[in-house]
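Visitor: any chance you can model this:
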Amino acid sequence: MISKVRNRMRQGGLSFFLKNGIQFEEKDDLCLWIEGKVDIFSVETVFDENKKMVICLVYKPPSTPSGEFLDLFDDYLCKLLSVKNECIIMGDFNFDLLCLNSYNFQFFNLMLSHGYFPMNRFPSRITEHSATLIDNMFLPSNLVSDSYCDIMIHPGSDRLPVTCTIKQRSPTYEKFRRKLIRDLRLEHLHEFREQISVISWEKVYEEPDPSRALDNFFGIITPIFESACPFKLTRKKERDIPRKPWIDDEVVEAINARKACFFKSLNDSSEESKNEYIRQRNLANKLIRSKKKNYIEKFNEQKGDMRGIWQTINGVIKGTGKLYGLINAITVKGVTVTDKQQTADEFGKFFSGIGSRIKEDTSHGDPAKSDTLFEDNRCEHHKFQFEKASIEELTKIVKNLKSNAAGINGLNLKAFKVVSVYLLPCLLYLVNLSLEVGQFPEALKQAKVLPLFKSGNQQDMTNW
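Guide: Numbering: from 1, shown residues only. Presented below is the predicted three-dimensional model:
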């Protein structure tokens, strides 16, 4: 236990109870101790070798004028902006968030404007005649979705302890944040182009089977691509993650555009580049101010409506993003499946069987009906015949491709376009060979399927 007690007053102070083994350091520069007005005691804890967190314990005496405390606390929150580590603010604030009068609402809005969200939504002090929410924990927005708050009910006291569980970001999570991407810098792409320019494609041209010919094509190009453009490890830094709740994808895009124009103006000292940066900067700043204003107005419009306010908070906490790759278990015929390979196989069977299920639904249980559903519309006297593709057609198709998604072999479209002039004759042979033989290459029948969660029970495959 570490404590800070009042000197001039008879009793009172603030204390931290820390589990044995947790490293900590008192942060005197983040303490604000004005006896009789405000008490703030801060420590920095170390959960592992790299993870540090600042915890601020706050007490507002009931006798302190609310306006004076808000001014002092606003300055303190501005000081926390210089802290690199995540901060948690907790304590007895003596502002009842169940009754948002003038000062209570100002305190509530002050915390939100600095990016801190209240975790406790239940009364922390209950008597026969009143219920108030004056004890709370405030977390930064990037921790809210992984945390939850509880109230411990004790029949012998009207003060209910508030607990908050924050899910520790495990090494697996940090590993997830570190991702491998292809190094597609200019020098690597030039090296890839030079190696492809001297390749002989005889193994492809000599193969009469389309599937084996395409396998030979990938067998030649894939090792060269992996050698010239290797993977590199990247990690999205915390400072690059929007921490303010009003910063959405549109704002991030505007900020990135402003940043790009700024660096361009550094390399190009022309008046045109400077004006372009100023224009983009003004657009980004205007958008940020507008988003922030709209966000705060949501709470102003709902002043006095606690349900509406908490609905807005829950919208921020829960988020509206889609869930990708969060499948821990699924239910198949009443049996829970947790094995990753089996889960992938079951999803494959489910998605590949959609066509047959639609056929059954269309026929209403009569297979003969579905087989003859479109028979009356067939025109047997009209014949369909493929024509051979031309190098001009392939060139136009490659030029119009927009997506940078890589296929099963990992070949990136950006890298492909760099060497397309050397690959198009070989690809033209593969396309025309497939049309001539009437066989679609097996390698192109494979695809990456990423389930997208819709709503409902995540273990039900029909909800993906």
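Visitor: which parts of the stretch 151-300 of the chain are helices?
Guide: Assigned by DSSP state H, counting those that start in this stretch, the stretch 151-300 of the chain shows helices spanning 171-177, 186-197, 202-205, 210-228, 249-267, 271-301.
Visitor: relative to residue 417, which of those helices is closest?
Guide: With Cβ to Cβ as the measure, helix 186-197 is the member of the helices of the stretch 151-300 of the chain nearest residue 417 (9.6 Å). No exception for glycine: its C-beta is placed from N, CA and C like everyone else's.
Visitor: how is this protein divided into domains?
Guide: 2-169, 186-234+325-352+385-445, 247-312 (automatic domain parsing).
Visitor: save the helices of the stretch 151-300 of the chain as TSV, and put in mean pLDDT too.
Guide: Putting those into TSV (pLDDT from 0 to 100) gives the following:
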stretch	mean pLDDT
helix 171-177	49
helix 186-197	90
helix 202-205	91
helix 210-228	91
helix 249-267	82
helix 271-301	82
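Visitor: deepest of those helices, which one?
Guide: Of all the helices of the stretch 151-300 of the chain, helix 210-228 has the most neighbours on average by mean count of other Cβ atoms under 10 Å, namely a mean of 18.
Visitor: what's in contact with that one?
Guide: Here helix 210-228 makes contact (Cβ atoms under 8 Å, 6 or more residues apart in numbering) with 188-189, 191-192, 195-196, 199, 201, 203-204, 207, 409-411, 415, 423, 426-427, 429-430, 433-434, 437, 439-444.
Visitor: what about 7 Å?
Guide: Helix 210-228 is contacted by residues 188, 191-192, 195-196, 199, 203-204, 207, 409, 411, 415, 426, 430, 433-434, 437, 439, 441-443 when judged by Cβ atoms under 7 Å, 6 or more residues apart in numbering.
Visitor: for residue 82, phi and psi?
Guide: phi -80, psi -10 (degrees, to the nearest 10).
Visitor: that one and residue 76: what is the separation?
Guide: According to Cβ to Cβ, to the nearest Å, residue 82 stands 12 Å off from residue 76.
Visitor: neighbour count for the two, which is higher?
Guide: Just comparing residue 82 and residue 76: by other Cβ atoms under 10 Å the higher neighbour count belongs to residue 76, 19 against 8.
Visitor: for the stretch 301-450 of the chain, give me the ranges with low pLDDT.
Guide: 301-326, 362-384, 404 (pLDDT under 70).
Visitor: which stretches of it form strands?
Guide: Remark: strands assigned in the stretch 301-450 of the chain by DSSP state E, counting those that start in this stretch are 330-332, 335-337.
Visitor: and what of the stretch 101-250 of the chain?
Guide: Going by DSSP E, counting those that start in this stretch, the stretch 101-250 of the chain shows strands at 116-118, 125-126, 131-132, 135-140, 147-151, 162-166, 178-182, 231-235.
Visitor: what's the model's confidence in the second one, averaged?
Guide: Which is strand 125-126. Mean pLDDT, computed over strand 125-126, is 84.
Visitor: one step back: distance to residue 456 for the domains of the chain - can I get that in CSV?
Guide: Rendered in CSV, the data for the domains of the chain read as follows (distance: least, Cβ to Cβ, whole Å):
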stretch, distance to residue 456
domain 2-169, 19
domain 186-234+325-352+385-445, 12
domain 247-312, 21
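Visitor: element containing residue 56, please.
Guide: strand 52-59 (DSSP states H and E).
Visitor: direction-wise, compare that strand with strand 162-166 and give the angle.
Guide: Here the directions of strand 52-59 and strand 162-166 differ by 170 degrees (axes from the mean of the first three to the mean of the last three Cα atoms, to 10 degrees).
Visitor: packing partners for strand 52-59?
Guide: strand 13-16, strand 38-46, strand 86-92 (3 or more Cβ pairs under 7 Å, 6 or more residues apart in numbering; DSSP states H and E).
Visitor: out of the ones you listed, which gets nearest to residue 256?
Guide: Among these, strand 86-92 sits nearest to residue 256 (Cβ to Cβ), with 23.7 Å.
Visitor: counting neighbours, what do you get for residue 327?
Guide: By other Cβ under 10 Å, the burial measure for residue 327, its neighbour count, is 19.
Visitor: gap between it and residue 340?
Guide: Residue 327 is 9 Å from residue 340, by Cβ to Cβ.
Visitor: count of neighbours near residue 430?
Guide: 20.
Visitor: revised request: answer the last question for residue 60.
Guide: 22.
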